[in-house]
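Asks: My questions concern the predicted model and sequence given below.
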Amino acid sequence: GAPTPNIDNLALEGLRLLNFNVEPWCVPSRAALMTGRYPLRTIVSGKCTAYCKQYLQESEITIAELLSDAGYETAIYGKWHLGKQAGLFPTDQGFDEWRGIPDTSNNAEWDTKVQYDASLAPMQRVVQAKKGGKIKDIKAYDISARRTIDAESTHKAVSFIEKHAKTGQPFFLYVPFTQVHSPTLPHPDFEGRTGNGNVADVLAELDFRTGEILNTIDNLGIADDTIVIWTSDNGPSQYYPHGATGYWRGHVPSALEGAIRVPFIIRWPHKIMPGRVNNEIVHIVDLLPSLASAVGVQLPKDRVFDGVDQMDFFIGTQAKSNREGFPIGAYGKMYAYKWRNWKIHYAKQDAMIVVEQDVELGIYNLLIDPKEEHPMGREVGWVERVIRNEIKQLEDTLGFTFKIPVFL
């Protein structure tokens with residue numbers, strides 16, 4: 001519904017993956033990005049104060065911590081959503097500075113709802129902080145703030161890049177835009193811009209913000225030394241109109257391809273050949289070890305990393321991805337497993353909730369059945385055996401087993 005010339009140009013300047021995969025929800029996806037580990041290991045539920053159900057364990061080592069220890073200055077501008085109390089903020093997890101929101105965007109419209117009681121459900125706040133300092137309250141994250149936060153995050157990002165281009169200090173910048181999450185409301189400058197509604201207006205705005213950051217990098221002459229990654233944490237919501245899944249079926253937080261297969265672009269001039277498009281499987285946990293490899297940072301030896309180094313594949317010196325498959329699930333439950341062009345579902349997830357757990361086993365061929373509508377049976381039972389072995393190896397490192405059906 002909207003042209004995206006800046007994102008399109010970025011894709012032409014780098015590598016675009018057609019089979020880049022994330023987790024079923026935004027919290028697990030962000031945890032996987034930050035740690036290089038499956039959220040089956042890293043996400044905890046139930047310890048936080050009111051309204052905080054999921055968070056990243058304090059003992060996890062984030063990509064920001066790894067790069068900070070290697071001399072990089074680190075910043076996040078935007079949505080964190082990995083813990084919203086002291087000790088769980090990004091400035092407690094390796095980031096030198098942060099401005100944004102600790103949780104999700106849903107409650108931006110709370111104070112517009114019938115009988116809203118702020119004493120029982122306080123509005124989320126836009127905050128900022130520096131490592132080792134106190135959280136500073138900026139303003140309520142209401143409808144007005146929801147419209148402007150991505151512009152504010154972009155302006156902070158541009159200033160951060162300009163500062164480090166002058167000093168020459170290496171940096172790691174994480175800009176998790178809040179759009180197109182509901183409520184999908186564009187900045188006032190973009191409202192009505194496309195004539196195709198709010199979602200299209202937001203896409204136009206996202207493209208513009210992307211262009212502001214890319215133009216800053218290019219104009220400062222640091223593009224050759226800067227790896228840029230553009231991706232998403234999930235597919236769209238099931239509630240119309242929040243985007244389309246196109247070729248795929250499913251919405252967040254299902255295990256269907258429409259929820260977990262998202263756009264991915266990586267640019268590194270003179271390292272990554274421009275204009276490449278690839279359908280090899282890559283998972284979001286692979287980004288931490290890949291970036292660590294690119295900058296020469298060693299991974300800690302005291303824990304299992306589920307991500308694999310994909311930098312040779314990204315650069316093009318290696319034709320194939322180092323990954324063949326991955327589990328899909330969180331909070332101790334296995335919803336599906338994807339391996340090569342096959343997927344086994346262990347729960348029915350047509351909507352935003354698990355409709356039925358422990359359903360009859362279905363094996364889907366994603367090449368001939370991309371919408372996962374026609375389960376195959378015992379004629380491809382060998383696939384179940386392979387995937388069961390993959391899950392067993394994962395269980396051995398987790399210390400617990402999953403309740404999943406098995407072909408007899």
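Replies: Received, thanks. Every value quoted in this text rests on a predicted model; they were computed, and no experiment measured them.

Asks: Please count neighbours and contacts with C-alpha atoms only from this point.
Replies: OK.

Asks: What are the buried residues along stretch 98-109?
Replies: In terms of neighbour count (16 or more other CA atoms under 10 Å), stretch 98-109 has its buried residues at 98-105, 107-109.

Asks: before we move on, what about stretch 211-225?
Replies: Across stretch 211-225, burial judged by 16+ other CA under 10 Å covers 211-214, 216-217, 223.

Asks: and if you look at stretch 317-326?
Replies: For stretch 317-326, using 16+ other CA under 10 Å, the buried residues are 320-323, 325-326.

Asks: so where do the strands sit in the stretch 151-300 of the chain?
Replies: Along the stretch 151-300 of the chain, the stretches classed as strands by DSSP state E, counting those that start in this stretch are 171-174, 228-231, 261-267, 276-278, 282-283.

Asks: mind giving me CSV with these and columns for mean pLDDT, mean neighbour count and distance to Pro28?
Replies: Output for those, formatted as CSV (pLDDT from 0 to 100; neighbours: other CA atoms under 10 Å; distance: least, CA to CA, whole Å):
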stretch, mean pLDDT, mean neighbour count, distance to Pro28
strand 171-174, 98, 19, 17
strand 228-231, 98, 16, 15
strand 261-267, 97, 22, 14
strand 276-278, 97, 15, 25
strand 282-283, 98, 26, 12
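
Asks: Let's have those strands in CSV, adding distance to Pro375.
Replies: Below are those laid out as CSV (distance: least, CA to CA, whole Å):
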stretch, distance to Pro375
strand 171-174, 39
strand 228-231, 30
strand 261-267, 19
strand 276-278, 26
strand 282-283, 24
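
Asks: Tell me how far the closest residue to Thr226 other than its chain neighbours lies from Phe172.
Replies: Nearest residue to Thr226, sequence neighbours excluded (CA to CA, 6 or more residues apart in numbering): Trp268, at 6.4 Å. Applying CA to CA, to the nearest Å, the value for Trp268 to Phe172 is 14 Å.

Asks: For Pro39, report the pLDDT, please.
Replies: With respect to pLDDT, Pro39 scores 89.

Asks: contacting residues around it?
Replies: By CA atoms under 8 Å, 6 or more residues apart in numbering, Pro39 lies in contact with 28-29, 31-32, 329-331.

Asks: In CSV, list these along with neighbour count, pLDDT and secondary structure.
Replies: Formatted as CSV, the contacts of Pro39 follow (neighbours: other CA atoms under 10 Å; pLDDT from 0 to 100; DSSP: H, G, I helix; E, B strand; the rest coil):
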residue, neighbour count, pLDDT, secondary structure
Pro28, 27, 91, helix
Ser29, 23, 94, helix
Ala31, 28, 94, helix
Ala32, 30, 96, helix
Gly329, 22, 83, strand
Ala330, 20, 71, strand
Tyr331, 14, 70, coil
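
Asks: Closest one of the residues you listed to Asp369?
Replies: Gly329 (21.5 Å; CA to CA).

Asks: what about Val304, neighbour count?
Replies: By other CA atoms under 10 Å, the residues close to Val304 number 14.

Asks: How about Phe314?
Replies: Neighbour count for Phe314, taken as other CA under 10 Å: 25.

Asks: May I ask which helix or strand encompasses Tyr55?
Replies: strand 54-56 (DSSP states H and E).

Asks: just the CA coordinates of the next helix or strand after that strand, formatted as PDB?
Replies: Later in the chain than strand 54-56, the nearest helix or strand by DSSP H and E is helix 63-69. Presented in PDB, the C-alpha positions along helix 63-69 are these (Å, rounded to 0.1, in the frame of the first residue of the first chain):
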ATOM      1  CA  ILE A  63      25.200  -8.800  22.300                       C
ATOM      2  CA  ALA A  64      25.400  -5.300  23.800                       C
ATOM      3  CA  GLU A  65      27.500  -6.700  26.700                       C
ATOM      4  CA  LEU A  66      29.800  -8.600  24.400                       C
ATOM      5  CA  LEU A  67      30.400  -5.600  22.200                       C
ATOM      6  CA  SER A  68      30.700  -3.200  25.200                       C
ATOM      7  CA  ASP A  69      33.400  -5.400  26.600                       C
END
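
Asks: and helix 63-69, which residues are buried?
Replies: Of all the residues in helix 63-69, those buried under the rule 16+ other CA under 10 Å are 63-68.

Asks: Stretch 239-253 spans what distance, first to last residue?
Replies: One end of stretch 239-253 to the other measures 12 Å (CA to CA).

Asks: What are the buried residues along that stretch?
Replies: For stretch 239-253, the buried set under the neighbour-count rule, 16+ other CA under 10 Å, comprises 242-245, 248-253.

Asks: From the chain's centroid, how far away is it?
Replies: 16 Å (CA atoms, centre = their mean, to the nearest Å).

Asks: ok, residues contacting that stretch?
Replies: With contact meaning CA under 8 Å, 6+ apart, stretch 239-253 is reached by 24-25, 180-182, 184, 199, 234-238, 256-260, 349-353, 370-372.
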